[in-house]
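*Asks:* Quick one, what's the 3D model for this:
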Amino acid sequence: MKGGDFSELFAFVTVASERSFRRAAQRLGVSPSALSHTIRALEERLETRLLNRTTRSVAPTEAGQALFARLRPALAEVEEAVRDAGTRPDRPTGVVRINLPRSAAQLVVAPLLADFLAAYPGVRLDLVIDDSITDVVAGGFDAGIRSGELVHQDMVAVRLTPDLRMAVVGAPAYLAQRPPPREPRDLHGHACLGYRWRETGVLQRWRFDGPEGSIDVDVESVLTVNDTNVLLDGALRGAGLAYLVESLVAPHLQRGELVRVLEPWCRPFAGFYLYYPGSTRMPAALRAFVDFVKLRGPSSGGGT
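*Replies:* Here you go, the predicted model:
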């Protein structure tokens, strides 16, 4: 294979991973027009279209997806081998891309950032905040952070927090206007702030556990968003009740800015885990991050 052929393939994998010529060009350090020319040259050489392009998006064609699926792990191995060849074991370098929900970023990763980056100055963290359920392998991420209930069994998982609980909270001013709910069915008639999964468009059900088992409630949402920070802000401003991770609202409960309801109905569930594919050799930078969080042990991000 000629050097130019390799460059074209690497450029294609980068564009297919990013689904954007602009972001891919930034990663590669070239202009979007130069990158577009490289992809056209590859398509002409292979005599097939690899990418469908619109003014807003880029997506692999069927042929492009098949090529991407075979090339991505192979090129990742090449990149890793080159990186490791110039890396001292005690001084890992490189970028670690992690996909994680906002609550995990705030509760788990943010407290570690300063110490980790000071300990490993050659490592850069690329955190993508994503409250939906994303395939980290298909998305080109090194690792993800999710509740243990959502981690596939074929992944290597490292526990980050104790078990978590959800909390239904509202501002004192809101709860002064109407009786607080005593059981989940009392939520009907309350102004609720709902979360919608971005990928599927499905509204999150509020799950509770009672004497007769689990209860899922489809609440009547006066506000629906896909950002937990907006839900928290709405609850603080008295717009209604929000259903959020207990640890995220704990400081506001302590200061009296929020009041908790239905606490006996909220049972623990699996805490946050860092997970990554176990089928390939781990890059040194990712190994440094995994070892660092293992050393810290499970944080107090849970609520049991």
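
*Asks:* For the rest of this, base every contact and every neighbour count on C-alpha atoms.
*Replies:* Noted.

*Asks:* Where does Val168 sit: helix, strand or coil?
*Replies:* Following DSSP: H, G, I helix; E, B strand; the rest coil, Val168 is assigned to strand.

*Asks:* And the closest residue in space to it that isn't next to it in sequence, how far from Leu150?
*Replies:* Counting by C-alpha to C-alpha, 6 or more residues apart in numbering, the nearest residue to Val168 once its immediate chain neighbours are dropped is Tyr243, at 4.6 Å. Using C-alpha to C-alpha, to the nearest Å, we find Tyr243 at a distance of 19 Å from Leu150.

*Asks:* got it, and Ile39?
*Replies:* From Ile39 across to Leu150, the span is 36 Å (C-alpha to C-alpha).

*Asks:* Val169 too?
*Replies:* In this view, Val169 and Leu150 are 24 Å apart by C-alpha to C-alpha.

*Asks:* Out of the two, name the residue with the larger neighbour count.
*Replies:* A side-by-side neighbour count of Val169 and Leu150, using other C-alpha atoms under 10 Å, places Val169 first with 27 against 12.

*Asks:* Run through the residues that contact the more buried one.
*Replies:* Residues near Val169 by C-alpha atoms under 8 Å, 6 or more residues apart in numbering: 235, 241-244, 258-261.

*Asks:* Highest neighbour count among the residues you listed?
*Replies:* The most crowded member of the contacts of Val169 is Leu241, carrying 31 neighbours; neighbours defined as other C-alpha under 10 Å.

*Asks:* Touching, that one and Ala191? I think so.
*Replies:* Yes. Leu241 lies in contact with Ala191 (C-alpha atoms under 8 Å); the separation is 6.3 Å.

*Asks:* Tell me where the model's unsure across the stretch 151-300 of the chain.
*Replies:* Applying pLDDT under 70 to the stretch 151-300 of the chain flags the ranges 199, 279-280, 297-300.

*Asks:* so where do the strands sit in the stretch 101-250 of the chain?
*Replies:* Along the stretch 101-250 of the chain, the segments classed as strands by DSSP state E, counting those that start in this stretch run 123-129, 143-147, 155-159, 166-170, 192-195, 206-210, 213-217, 221-225, 241-245.

*Asks:* Quick check: which of those is nearest to Ser57?
*Replies:* strand 123-129 (18.6 Å; C-alpha to C-alpha).

*Asks:* roughly how far out does the closest one sit from the chain middle?
*Replies:* Centroid separation for strand 123-129 versus its chain: 11 Å, with C-alpha atoms, centre = their mean, to the nearest Å.

*Asks:* and if you look at stretch 223-235?
*Replies:* For stretch 223-235 - counting by C-alpha atoms, centre = their mean - the centre lies 17 Å from the chain centre.

*Asks:* Good, wrapping up.
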